[in-house]
Structures are given as C-alpha cells and as structure tokens.
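dropping the sequence and predicted coords here.
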Amino acid sequence: MAILCAEIGQIKKVTQQLLRAEIPHFGLVNKHFGLVNKQNKKAYDPRENRVTVVTIHSSKGLEFPRVILLGVGQLGQKNERLEQDARLVCVGMTRAQECLLLTTSRESVLSKKLLKISEACGQDAVVPLAQIT
C-alpha cells in the first residue's frame, strides 16, 4: 500500500502518525523529507508488508496494489497550474493496481472536476465528506 502526498509537508505528518500507531512504513524521502533519488527508489521492495509514503512526483515508475492519494484539493487551486496539477493527479491515480482512494480537505477546480466525472460515470468512487456524515 502507498500513501501519495501532494506536498512534502504531508509526508512528515503521515510518517509521524504511522510511527505513533506502530505501523511499518517506508518513506521514499531523505531524512529532511526531500525528494527521492534513484537509490532510494531501488530500496523499495513491493513484497515488504509496509506502507510506502512518498510524494506523487516521486511515485513515478512505481506501482502499488492500493493507493491513498492525499491532498487532491490542494492541487488545482491556481488556474495557471490546473493542467499540470491534473497530470500530477493522473500520475498518482495510475500508480494504483487494485484500489484507489482520493482524499481532499478543501474544494478546488480539480476536486470539483473529479467529482463531476465520478458522478457522470455513475460510480461512487469520489464521495464528498458531506455525503458521508
């Protein structure tokens, strides 16, 4: 399983929570939560029973049975970056082999478009929190 983060700051928070919960994990970042390099990626072993925490950018070239994509609402906030952010979300989504969970804590142009696509497909893949509570 992988948790893909839109921002590096999310990695530190997620990693701290996994440590507190004593959940085995592997962060594809350096000790300063910087971007990974090729050596770090080579250290990744999909057979290990642990959660991989990485930025969406750094997940390129990797695949995981299950993916949680954090921070979709933080992407697509600026119209001039919308196309680039949409490609980034696409990269994150295509890392999932079996199951994908998208999360957002704020509304953005991109999160609205994803919800609209989901509704048009007749799938419950993207469900606003307001509909859950």
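Sure thing, it's come through. Just so it is clear, the structure is predicted and the values come from calculations on it, not from any experiment.

flag the shaky bits of the protein, pLDDT-wise.
28-42, 76, 122-133 (pLDDT under 70).

could you pull out the strands in it for me?
Shown for the chain, the strands assigned by DSSP state E span residues 2-5, 25-27, 51-55, 64-70, 96-102.

what's the closest of these to E80?
Proximity to E80 (C-beta to C-beta) singles out strand 51-55 among those, at 21.0 Å. C-betas here are computed from N, CA, C, even on glycine.

the closest one: how far from the chain's middle?
8 Å (C-alpha atoms, centre = their mean, to the nearest Å).

that one packs against which elements?
Counting contacts by 3 or more C-beta pairs under 8 Å, 6 or more residues apart in numbering; DSSP states H and E, strand 51-55 is packed against strand 2-5, helix 8-20, strand 25-27.

what's the most buried one of these?
Most buried of the helices and strands packed on strand 51-55, by mean neighbour count (mean count of other C-beta atoms under 10 Å): strand 2-5, with a mean of 27.

partner strands of it, parallel or antiparallel?
Partner strands for strand 2-5, per DSSP bridges, with pairing direction: strand 51-55 (parallel), strand 64-70 (parallel).

pick the most buried one from those.
Among the strands paired with strand 2-5, ranked by average contacts under mean count of other C-beta under 10 Å, first place goes to strand 51-55 (a mean of 23).

ok, back up a step: out of the helices and strands packed on strand 51-55, which is closest to V67?
Of all the helices and strands packed on strand 51-55, strand 2-5 sits nearest to V67, with 5.1 Å by C-beta to C-beta.
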